[in-house]
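Student: Test case, fold it:
(2 chains)
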Amino acid sequence: MTDQELERRLCTAVDHAVPDQLQSILSRCEERKGTVIPMTENTKKNKRRFARMAVAACLALLLVGGGAAGVLNMQANAVASVISLDVNPSIELQVNKKEEVLSATPLNAEAEEILTDLPLEGTDLNVAVNAIVGSLLRHGYLDSISSAILISVEDQDQARATRLEQSLTTEVGTALQNAQSGASVLSQTLTQDTQLDTFAQANNISVGKASLIQSIMGLNSALTFEDLSVLSVEELSQLAEAGAPALPVGRDAAAAAALSYMGISQADARKIEVDAELDEWQPCYEVEVEMTSGEYECAVDAYTGEILWGNKPNGSTGTNTSTSTGANTGTGTNTSTGTNTGTNTGTSSGDIGEEKAKSIAYADAGISASSATNVKVERDWDDGRWEYEIEFWSGSTEYDYKISGTDGRVLERESKTHAVSIDSMITAAQARDAALAHAGLSASDVWDLDVSEELDKRTPYYEVEFKSGGVEYDYEIDAANGSVLRYNQERD
Amino acid sequence: MWMMLGMMPANSAPVPEELEQLLLGVAAGDREALSGFYARTRTAVYGLALSYLRSGHDAEDVTQDTYLKVWDSAGTYRPQGKPMAWLLTITRNLSLMRIRSRDKVVDMSQEDWNMLAVESSDVTAEDRQVLTAALYGLTDQERRVVLLHAVSGLKHREIAQILEMPLATVLSKYHRALKKLRDLLEGDEPL
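Tutor: Alright, predicted model coming up:
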């Protein structure tokens, strides 16, 4: 039976099994008709992530006052460009036309911490930006894949602004790549705008971030500058991408809702991480809470503060008490609150640990730990609980256990006795070499090499797959003696 | 006015543009649009719910709740060409909440499954065989991956996003699941 036939059979079977619930659904929908929210027609598809950023930059250009020369002048030691770097910390760098830093100003408290012990005045702009990115990474910013840094270059000379924007974007991108950070780099060029400057100063944010906020207000006029200015660049860029349907509840409210749901007080949490996912299919904040008893996570609806899904310590009576107004209406009202009414009474709420799980499995199998070989352990969060999947061999018997991480119960057990002991079988590397030798190839000649174990078959074997010279090879190698049981070659 | 459509043929993934158009109608309160959306997607939703819950009754409840959530929140859907992923994320979240609300997974026993098969005249002996193999012969993750691919027509990358698993894990679980299913349906014959 081919893969396609198998899939078709499965699909047909589910298709036949699904009951027709349409009338029941429609009857319940009628009761809720009053809550339907009209959708703004927006048929744009596959929007590029930063398309709206480009709009923001263009908007800023249009807003330039005709003769506004102002602060920026072209004298030798005068300010030629203003660079702002925004994550949540906002930093403003003034540079001269030689691209040397004249001043580095922290625009908020977080930025003061970032700039501590960084003497940037007089240094080359690229050196300064690298030092700032390094400090941001050391302080735990830009470590999640959805985080973002916004680089804004404000300069009357558009050609120079564009060149600086490009070189800084490359510089920061390389620094992040070297640090193995998956954060995004957003950039824009601006020319001086007095109104934007005023807004930025009043809210202690950079002109670059102010420009981004302005573009979001262009998408939803109900949102206010003050409400948006407290959001991070990551949240703002995602909000712009999503079309700014409403004001998100924010990280603090999301964390409070999650703690309330989990029944954990802030003081008991060792670490709380909040990751905004506003441009996902179901906009949310993902909250991870680390306790001594284990890690818990949940997703909080970005606009209502409602818990979408999550797990919490056993015995917790925490509840979702978040309330929110203004969701999806763009009123900009954020009244989401989380009340911690929970008590964590789950003393064994985490899990028993890998070693304990293994010892339970060995005891159940009636073998000693020293006689277990080829032991593989996986811990999964499944069906609302931690589970350990433990595979091992003892002599010629293969065992497969599923142990509850919560209380150590044996949930599933399976054993098979084979004709050959695993100790007398060849290794995966030996199987790979046997297949390559049969094909007359060396490891450096092939790619997409994959070796999988099929040791639970009556004739245990390794499946070895690889590609070379436009041909796809597929081998089955006898695990007992390394002989080729079957092989197939197809044009790739 | 939307035309009522019959059940989609097996293994035929719904067209995203068509679903997005229907969602526009749902957002505007058009019940016919919801009917059309339901006809095209109900197998995928029920299949995913069943793969999480392994209980016919719970899967039915979650399926109903999924479409009520669609009715309520179609207005917040942003057309990005991925309506199935949006829909199935709702189903996944509701399934997880359902699991959380009960102490342990209530497995649909072999007997229950046979009863369901008897009640539904559409389920053939062959259907029962393949569903039993998928529900009882695969691990939870293997079952979800293979159902999402086979029944919902989602790409492996999209499945990785919905199930929050690395793409490589999805691929290996998918291949392993098909292999297991084949062994179960054809018998574990030696080479």
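Student: When you work out contacts or count neighbours from here on, use the C-alpha atoms and nothing else.
Tutor: Will do.
Student: burial count for A:Glu273?
Tutor: 14 (other CA atoms under 10 Å in any protein chain shown).
Student: just checking, it is part of a strand?
Tutor: Yes. When classified by DSSP: H, G, I helix; E, B strand; the rest coil, A:Glu273 is found to be part of a strand.
Student: For it, give me its contacts.
Tutor: By CA atoms under 8 Å, 6 or more residues apart in numbering or on different chains, the contact list for A:Glu273 reads A:Val287, A:Glu288, A:Val289.
Student: what bits of the stretch 1-150 of chain A have low per-residue confidence?
Tutor: A:30-77, A:144-146 (pLDDT under 70).
Student: quick one: the strands in it?
Tutor: In the stretch 1-150 of chain A, the strands defined using DSSP state E, counting those that start in this stretch lie at A:81-86, A:90-95, A:101-106, A:148-154.
Student: so which of these comes closest to chain B?
Tutor: With CA to the nearest CA, the closest approach to chain B among the strands of the stretch 1-150 of chain A belongs to strand A:148-154: 20.0 Å.
Student: Give me the helices and strands touching the closest one, please.
Tutor: Contacts defined by 3 or more CA pairs under 8 Å, 6 or more residues apart in numbering or on different chains; DSSP states H and E place strand A:148-154 against strand A:81-86, helix A:158-178, strand A:184-190, helix A:207-219, helix A:233-241.
Student: got the CA positions of the longest one in PDB?
Tutor: In PDB, the C-alpha atoms belonging to helix A:158-178 read as follows (Å, rounded to 0.1, in the frame of the first residue of the first chain):
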ATOM      1  CA  GLN A 158      18.600  61.200   2.200                       C
ATOM      2  CA  ALA A 159      21.500  59.500   0.400                       C
ATOM      3  CA  ARG A 160      23.600  59.400   3.500                       C
ATOM      4  CA  ALA A 161      20.600  58.200   5.600                       C
ATOM      5  CA  THR A 162      20.000  55.300   3.200                       C
ATOM      6  CA  ARG A 163      23.700  54.300   3.200                       C
ATOM      7  CA  LEU A 164      23.900  54.500   7.000                       C
ATOM      8  CA  GLU A 165      20.600  52.500   7.300                       C
ATOM      9  CA  GLN A 166      22.000  49.800   5.100                       C
ATOM     10  CA  SER A 167      25.400  49.500   6.800                       C
ATOM     11  CA  LEU A 168      23.900  49.500  10.300                       C
ATOM     12  CA  THR A 169      21.300  46.900   9.400                       C
ATOM     13  CA  THR A 170      24.100  44.700   8.100                       C
ATOM     14  CA  GLU A 171      26.200  45.400  11.200                       C
ATOM     15  CA  VAL A 172      23.500  44.600  13.600                       C
ATOM     16  CA  GLY A 173      22.300  41.600  11.600                       C
ATOM     17  CA  THR A 174      25.800  40.100  11.700                       C
ATOM     18  CA  ALA A 175      26.200  40.700  15.400                       C
ATOM     19  CA  LEU A 176      22.900  39.000  16.100                       C
ATOM     20  CA  GLN A 177      23.800  36.100  13.800                       C
ATOM     21  CA  ASN A 178      27.100  35.700  15.600                       C
END
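Student: Now find how far off-centre it is within its chain.
Tutor: Computed by CA atoms, centre = their mean, to the nearest Å, the chain-centroid distance of helix A:158-178 equals 24 Å.
Student: what does the third one give?
Tutor: Taking CA atoms, centre = their mean, the mean C-alpha location of strand A:184-190 is offset from the chain mean by 21 Å.
Student: part of a strand, is A:Asp279?
Tutor: No. Under three-state DSSP, A:Asp279 falls outside any strand and is assigned coil.
Student: so what's it up against?
Tutor: Applying CA under 8 Å, 6+ apart, the residues near A:Asp279 are A:Gln238, A:Leu239, A:Glu241, A:Ala242.
Student: Got the phi and psi for the nearest residue to the last one once chain neighbours are set aside?
Tutor: With CA to CA, 6 or more residues apart in numbering or on different chains as the measure, A:Asp279 is the residue that lies nearest to A:Ala242, at 5.1 Å, once sequence neighbours are left out. When quoted as degrees, to the nearest 10, the phi and psi of A:Asp279 stand at phi -100, psi 20.
Student: again, but for A:Thr373
Tutor: Main-chain dihedrals, A:Thr373, degrees, to the nearest 10: phi -130, psi 170.
Student: With the one 5 residues further on instead?
Tutor: With angles defined as degrees, to the nearest 10, A:Glu378 shows backbone torsions of phi -130, psi 130.
Student: What of A:Tyr473?
Tutor: Dihedral angles for A:Tyr473 - degrees, to the nearest 10 - are phi -110, psi 140.
Student: Please give the element, helix or strand, for the closest residue to it other than its chain neighbours.
Tutor: Once flanking residues are discounted, A:Tyr473 sits nearest to A:Gln489: 4.7 Å by CA to CA, 6+ apart. Using DSSP states H and E, A:Gln489 falls within strand A:484-491.
Student: Going by neighbour count, which residues in that strand are buried?
Tutor: Within strand A:484-491, the residues that count as buried by 16 or more other CA atoms under 10 Å in any protein chain shown are A:Val484, A:Tyr487.
Student: same for that strand, what does it pack against?
Tutor: Short answer (3+ CA pairs under 8 Å, 6+ apart): strand A:484-491 packs on strand A:471-478.
Student: quick one: A:Glu286 and A:Ala299 touch, right?
Tutor: Yes. If you go by CA atoms under 8 Å, A:Glu286 and A:Ala299 touch, sitting 4.5 Å apart.
Student: So these two - more neighbours on which side?
Tutor: A:Ala299 (28 against 23).
Student: on that earlier part again, compute the distance between the residue nearest to A:Ala242 and B:Thr76, please.
Tutor: Using CA to CA, to the nearest Å, we find A:Asp279 at a distance of 11 Å from B:Thr76.
Student: any idea how far the residue nearest to A:Ala434 when sequence neighbours are not counted lies from A:Leu441?
Tutor: The shortest distance from A:Ala434 to any non-neighbouring residue, by CA to CA, 6+ apart, is to A:Gly482 (6.4 Å). Per CA to CA, A:Gly482 is found 17 Å from A:Leu441.
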